[in-house]
Structure formats: structure tokens, C-alpha cells
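Trainee: with the sequence up front, the predicted model follows.
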Amino acid sequence: MADAPTTRLSPEPADEPSTNGTPPFEELRHLILAPEQEALERLHDRVTNPETRTEDVSTVVAEAIQRRRQRGGDSALSEALAPTIETALRESVRKDPSALANALFPVMGPAIRRSILETLRSFIDSFNQIMDQSLSWQGMKWRMEALRTGRTFTEVVLLHSLVFRVEQVFLIHKKTGLPIGHVVAPAVAMQDPSLVSGMLSAIQDFVRDSFHTSQSQGINRMNVGDLDVWVEEGPYAILAVVIRGIAPRQLRDTMAETLESIHRQYSALLDHFDGDSAPFEQVNTLLSRCLEYKYKEDPKRANNFYALTAAALLILAIGGWLGYRWWQNHRWNEYVAELREQPGFAITSFGREHGRFVIRGLRDPLSSDPAAILKQHNLTEQPEFHWGAYYALDDSIVQQRATQILAPPQGTSLKVKDSVLFFTGQPPFTWLKELPRRALLVPGIRSVDSAGLLSAAQHAVAQSVEKIQSTVLQFPLASSTLSSAEGARLRALLPELKNLEGVGNMTIEIWGHSDTSGAEATNLTLSQKRADRVAAELIQLGIPGNLLRAKGVAAADPLRPEDSEENRAYNRSVSFRPIVHNLL
């Protein structure tokens, strides 16, 4: 190859500028370093420009995440992305909930349907077991056992037909003893997870401290009444299942697999658990795997004819029993309605308590006997009464109370109307005089009929006065001695005299008489002795002496004209003169 022609430059001064005004050295440096400077400027612009940097990162972010996962950085990557994903989801739901709902619809629909189907299948299995047994002779025996033991029919069926059933599953944090997850089988009473977790942790700690065992050793099974509790321990959590019946050994394997799966998915969260169970919301899905159950093999089914016959008889029996109970309740309602209408009763409540009819209320002591009214309704069951005592204000009850307290004398009757006391008959004056005061002591009486009271008092006094005035006691000739027959007549006047004791300003004058035979002075003395003798007898019989006034009149006031010996004997006597100044 021919050499390229070489042109030798003539020497020039060092500071001589080039033809374009640039020093030669600068021009040379530009020729040599210009590509590198342009590359550096492009790199600087790529690093400092946000748009360019974002474009570069977007092309490798997917490959970077995939490579990070291959190197085992799932935990750190999840922790880094979780806040951003949560914020994005929250913002998406806030802006448009339908977008997320539409995205989850293909997943949530089948999950919800599966959960519902599993629940219905479990319910149908239990229902079929109960119905199969309830329509058989064995079911009847179990119903009798339920009535005898106080258990529900469902419990008795489960005890006889259930091989085993896991009723509850608890996931407990091993270090803190706090509950993390809890699932319950259908139709099982739920227990407080915190209480159960605390109790189980306390028992485990007690056993370890008492027997000096290591932390990896503890109770793996215990019995509580009809239930067994199986325990499976892991590094960070404890799995406890509550079992009714006798569970197979395979359940222990299921527990171990479930606990291993939980530790595999949540080991980091379990290690740093601080009491917040929110990150473990999905753990109940894993725990549900342990809710296993098994029933006894179905025996040979009874003939459908017998089952239908038993069902029909059962329905007829239930219908008859319900009809009988309705009829009984109807009759009880009628009985209580009649009690309410009876004076002296105030019913506050009634109904069945512990299988017995109970009536509560208030009852006046003078009211009708509720047991007698019960017989009229042909009710064989004896109710239980709870009465509170009170005084009824019905006129009929007040009338009975007044009759009981005032004790009217024979021939006298009482009547109460609108709380006013009326009476009929002619009672003694002493009873009449006390009537206004005593009547107001009877609960329910406001006043006494004063018009009837005055007329009755006047009649009683007039009747007594008439009887006393018509009585004449005869004496032997020239004697002041009272014979036994006349003494009996005097004692017969005692009720009438007592009746006049309460009359105001009443005086009973006792007049002594004699016939016209003999001297006047002698007859006057004899008549005075006869009057004094009768007064003394009355005082001994209890008549106050201040009400009596003895007076001898001799023959000055004869009772009969002495035209015969019989009339003359009649004048040898004592007569009475009652004087009443004020009646009441």
C-alpha cells in the first residue's frame, strides 16, 4: 500500500491562533474527547431526568421482582409491597367499588357457594339423623330419655348416633397465650376464645412447672365432662380441638398438617405477634379442615309404612294434646274471668309456671271461696293461689264486714249501699246508741242512715217503756216481801231496763201501792217499803241506783177501783213509771 502523502507543517508560534479563531490545542482536545463527553452528558441526563429514569425502571421491574423471589426474598418483598398494595386497594374501593367487586366476582362467588353448601350439607345430615330416629321406636325411647334426663332430644340423638364430632378449634399463640383463630361447628354453643386460651395456657404452664418438663413437653390431651380436648404444639402456636365422642388417630395427623401449614404461611407473623389478629384473618379457613365428624352407620331402615304410621300417630297425638291444652286454657280463662267479677277479688296475673297454673292477686277475707268456684267449672287441676290481703269496698263485702263486726241483735238486719249503712228491724236502744260510733270503725262505711236510726231508737225506747209500764208486782196483805213468782217477773224486766240505760236523762220511778184497808199512815209506810224492796232487787241485778227513784203513794193512786176483793189485792203492788227526757 502506498504511503499517504505527508504534509509537513511549517513551524508557527505557539500562541498563533488557527484560521477559525480556536487555539490548536483546544481543537485537538475536542477532536479526541468529544464522543466521550457527549456520552457522559447523555448518561447524566438519563440519571437526572425523572421521565427517562421512570422509563428505564419500567422495562426491568418485572424481571427484578421475579429474580428477587427466586433468591428467597419473599418476606422482605411482601413487607415492602404490602403498604402500597393496601393503599392502592383502599383508594380503588373508595373511587369505584364496582371495579374490585367485578374483579373478585369469579373467585368469591364459588367460595361463598361452597361455604353455604358445606353448611347446608352438615345441617341436612344432622336433620336426617334426627328425623330418622324421631319416627322410629328407638326415637320414641330417646324422647323418653330426654324427658327423664332433662336433655334436649337433639343431644340424646347425638349421644346415641354420633361417633365423633370436632365442635371447636382454637389457634393460640404459644408465647403470649392469646387467641389467634377460632372456628365452631354448626349448632354448637360458642365459647369465649380468650377465656379458653388463657385457661389452656395456664394449665400447660402449671404442668410444666409442677413436673419440671421442658417447653416442648406438655399436655396433649385432657377430658372435660363429655368432651375431649386434643392439643398439638408447634414452634410458635398451639392448636387445640374440642371433640365430642371418640375421634380416630387420623384426626391427630390432620391437626399436625394444619399446624404445619399455618407455620409455613405465617411463621414471620407468628414470631413477631403482638396481639393483633388482623393479619390472621385467613387462618380460620385452614382451621376449618379440623372440623371433622362421623355418624354411626345407618341401620336398616324401617318399613316406610310403619314410619308413616308412626308419624301420623305422632301428629294426631300432638294435635290432640294442643287441642286439649287450648280447651284447658279456655276454661281457665273463664274461671279467672268469673273471679274478677266476684266482689273481693283483684287478679293481677295468672298463667302457668313450672307446669302448674298460678293465680296472683288480692283477696278480701270475706270474699267467696275460690275453690268452690273452681268446682263449678269442673277443673280437676288445683291451681296455686298467691293472695295478698286487702279490704274490698264492694257494698256486698262491706255489708258482710259490718254484720260481722257490729253483730246486730236478732230481728235486725244491715244493708250497705254506696258506703252508707242502713238497717231494718227494732234493735235495743243500747245497740242503737253505739251504732254511729262503731259503724265508722268498719272499713268501707262512711255514714249511718240517721233518719232510720232515730225512728228505730224511738220505737225501741217506746217498746221498752210500754213493757215496763205494763208490769205490776203484787205483794201479800200487809207485807213488803216479794214472792218468788213476782221476783221472776221482776228479773224478766231486766233486758228492758238495761235497754233504757243509755237513754239520756232517763229515770225509772218505782211506785209502791196499798189498798184502802188500814190506817193511812200505816199504808204509806208499807207502800214505801214495797217500793224500796223492788229498787234494792234491781240494784242487785245490776241496774244503777242513780236511775231508780222509789216512791210510796199508799192508796192515793190506786191502780184499780176497789169494788172487788180481786181489785183490792191488785192494788197491794208496785208499778213502774219510766221518764225519758232526751232520746239521743
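Mentor: That came through fine.
Trainee: what is the mean pLDDT for stretch 199-217?
Mentor: Per-residue pLDDT values over stretch 199-217 give a mean of 70.
Trainee: now do the same for L362: helix, strand or coil?
Mentor: Under DSSP: H, G, I helix; E, B strand; the rest coil, L362 falls in the strand class.
Trainee: for the stretch 1-150 of the chain, what spans make up the helices?
Mentor: For the stretch 1-150 of the chain, helices defined by DSSP state H, counting those that start in this stretch occupy the ranges 24-48, 50-58, 61-70, 74-95, 97-134, 137-149.
Trainee: mean pLDDT for those helices: which is lowest?
Mentor: helix 97-134 (a mean of 56).
Trainee: ok, now how distant is the closest residue to P495 other than its chain neighbours from L316?
Mentor: Ranked by Cβ to Cβ, 6 or more residues apart in numbering and with sequence neighbours excluded, the top spatial neighbour of P495 is P428, at 7.6 Å. For glycine as for every other residue, the C-beta is placed from the backbone atoms N, C-alpha and C. Distance of P428 to L316, computed by Cβ to Cβ, to the nearest Å: 73 Å.
Trainee: the two: which is more packed in?
Mentor: The neighbour count for P428 versus L316, taken as other Cβ atoms under 10 Å, is higher for P428 (21 against 10).
Trainee: okay, the more buried one and P558: tell me how far apart.
Mentor: Note on P428: its distance to P558, by Cβ to Cβ, is 33 Å.
Trainee: repeat for A268
Mentor: Distance, A268 to P558, using Cβ to Cβ: 143 Å.
Trainee: work out which residue lies at the spatial centre of this protein.
Mentor: Closest to where the C-alpha atoms of the chain average out (Cα atoms, centre = their mean) is E353, at 12.0 Å.
Trainee: which residue sits closest to it, ignoring its sequence neighbours?
Mentor: Setting aside the residues directly before and after it, E353 is nearest to E384 in space (Cβ to Cβ, 6+ apart), at 7.8 Å.
Trainee: surely that neighbour meets I359?
Mentor: Yes: look at E384 against I359 with Cβ atoms under 8 Å: they come within range, at 7.3 Å.
Trainee: so what's the backbone phi/psi at K551?
Mentor: Taking degrees, to the nearest 10, you get phi -150, psi 120 for the backbone angles of K551.
Trainee: can you offset everything so residue one is 36?
Mentor: OK, 36 is where the count begins now, so the last one is K586.
Trainee: hey, what's it bridged with?
Mentor: Under DSSP bridges, the beta-bridge partners of K586 are W546.
Trainee: try F380
Mentor: R398.
Trainee: and for Q563, nearest residue in space, chain neighbours not counted?
Mentor: G587 is the one closest to Q563 (Cβ to Cβ, 6+ apart), at 3.1 Å.
Trainee: for F308, same thing?
Mentor: H208 (5.1 Å).
Trainee: verify the contact between the one you found and L305 for me.
Mentor: Yes: counting by Cβ under 8 Å, L305 is a contact partner of H208 at 7.0 Å.
Trainee: could you list the low-pLDDT ranges of the stretch 286-435 of the chain?
Mentor: The stretch 286-435 of the chain contains residues with pLDDT under 70 at 331-340.
Trainee: now do the shared contacts for H208 and L305.
Mentor: Here H208 and L305 have 215, 271-272 as joint contacts, going by Cβ atoms under 8 Å, 6 or more residues apart in numbering.
Trainee: what mean pLDDT does the strand ranked longest in the chain get?
Mentor: If you go by DSSP state E, the chain has its longest strand at strand 197-208. For strand 197-208, the mean pLDDT works out to 84.
Trainee: alpha carbons of the next helix or strand after it, as PDB, please.
Mentor: As assigned by DSSP states H and E, the chain's next helix or strand after strand 197-208 is strand 214-219. Taking C-alpha atoms only, strand 214-219 is exported to PDB below (Å, rounded to 0.1, in the frame of the first residue of the first chain):
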ATOM      1  CA  PRO A 214     -56.100 -16.400  70.700                       C
ATOM      2  CA  ILE A 215     -55.300 -16.100  67.000                       C
ATOM      3  CA  GLY A 216     -58.100 -18.000  65.300                       C
ATOM      4  CA  HIS A 217     -61.300 -19.800  66.300                       C
ATOM      5  CA  VAL A 218     -63.800 -21.800  64.400                       C
ATOM      6  CA  VAL A 219     -67.000 -23.500  65.600                       C
END
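Trainee: can you give me the helices for the stretch 486-619 of the chain?
Mentor: 519-527, 529-534, 555-575, 600-606.
Trainee: nearest to G423, out of those?
Mentor: Nearest to G423 among the helices of the stretch 486-619 of the chain is helix 529-534 (42.9 Å), distances taken as Cβ to Cβ.
Trainee: follow-up on the earlier one: looking at the residue nearest to Q563 now. What's its pLDDT?
Mentor: You'll see G587 listed with a pLDDT of 93.
Trainee: quick one: residues contacting it.
Mentor: Going by Cβ under 8 Å, 6+ apart, G587 touches 546-547, 559-566.
Trainee: farthest pair in the residues you listed?
Mentor: Across these, the longest distance by Cβ to Cβ is 14.8 Å; it joins W546 and T560.
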